[in-house]
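> How does the following fold in three dimensions:
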Amino acid sequence: MPTTRRPVHRARLSRREALLFEAGVKLGGLFHQYFGMPISTRTAAATARTIERAVALQPFVVSVHAAIDPARGGPLGRGRFAYRYLTPEMIDVRIRLRDGPEEVEARLAHRPDLRYPLMSVERVGAARPVRKRPGRSSPRR
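Down below sits the predicted model:
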């Protein structure tokens with residue numbers, strides 16, 4: 001017996017609208033969850049992978065790529081205090097979400113011209129084939 005897919009949202013949203021909403025929720029959650037944590041050149045790559053893995057657990061996520069550049073932060077302490085706090089200037093995150101034939105790519109990146117961490121929609125349209133990238137989160141289907 002075929003199962004009927006139950007909608008996620010109560011409002012009548014298209015798949016595209018729902019994916020755009022989900023992208024905003026994921027990037028906004030990431031922004032408020034991780035900023036302010038201690039970061040150094042030794043921990044930046046592992047922190048970026050942790051962010052990728054955490055976001056990849058969420059519904060509709062096909063792929064996540066996070067990059068952290070601690071050199072873009074504020075003053076560095078000395079000795080055992082030689083770290084910075086993760087700030088919006090340091091991070092660049094790209095996510096791809098899919099629901100059936102629809103796909104959305106979104107990004108969180110600092111825009112120096114705006115002096116602001118902008119969350120933006122990079123692409124909306126038909127789903128693209130999933131490409132596995134070595135060392136990155138496994139895509140979700």
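> all contacts plus neighbour counts: C-alpha atoms, from now on.
Noted.
> Name the residues of stretch 57-77 that come out as buried.
Of all the residues in stretch 57-77, those buried under the rule 16 or more other Cα atoms under 10 Å are 60-70, 73.
> End to end on it, go ahead and measure it.
The first and last residues of stretch 57-77 sit 34 Å apart, counting by Cα to Cα, to the nearest Å.
> Now do it: everything it contacts.
19, 39-41, 44-45, 47-49, 51-53, 55-56, 82-87, 89-99, 130, 136-141 (Cα atoms under 8 Å, 6 or more residues apart in numbering).
> among those, which ones are buried?
19, 39-40, 44-45, 47-49, 51-53, 55-56, 83-87, 89-99, 137-140.
> Do you have the helices of the protein handy? List them.
Here the chain has its helices, by DSSP state H, at 15-34, 44-56.
> What ranges does this structure have for its strands?
38-39, 61-68, 84-85, 91-99, 102-111, 116-126 (DSSP state E).
> Give me the helix or strand of this protein that scores worst on average pLDDT.
Sorting the helices and strands of the chain by mean pLDDT, DSSP states H and E puts strand 84-85 at the bottom, at a mean of 88.
> ok so, going back, would you list the strands of the chain in CSV and tack on distance to residue 15?
Putting those into CSV (distance: least, Cα to Cα, whole Å) gives the following:
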stretch, distance to residue 15
strand 38-39, 37
strand 61-68, 14
strand 84-85, 37
strand 91-99, 6
strand 102-111, 6
strand 116-126, 10
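> Report the separation between residue 56 and residue 49.
In this view, residue 56 and residue 49 are 10 Å apart by Cα to Cα.
> how about the CA coordinates for stretch 101-110, as PDB?
C-alpha atoms of stretch 101-110 as PDB (Å, rounded to 0.1, in the frame of the first residue of the first chain):
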ATOM      1  CA  PRO A 101      13.400  17.500  -7.600                       C
ATOM      2  CA  GLU A 102      14.100  20.800  -5.900                       C
ATOM      3  CA  GLU A 103      17.400  22.000  -4.500                       C
ATOM      4  CA  VAL A 104      18.700  25.000  -2.700                       C
ATOM      5  CA  GLU A 105      22.300  26.100  -2.100                       C
ATOM      6  CA  ALA A 106      22.900  28.700   0.700                       C
ATOM      7  CA  ARG A 107      25.900  30.300   2.300                       C
ATOM      8  CA  LEU A 108      27.000  32.100   5.400                       C
ATOM      9  CA  ALA A 109      30.100  34.200   4.800                       C
ATOM     10  CA  HIS A 110      31.400  37.500   6.100                       C
END
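> I appreciate the help and will end here.
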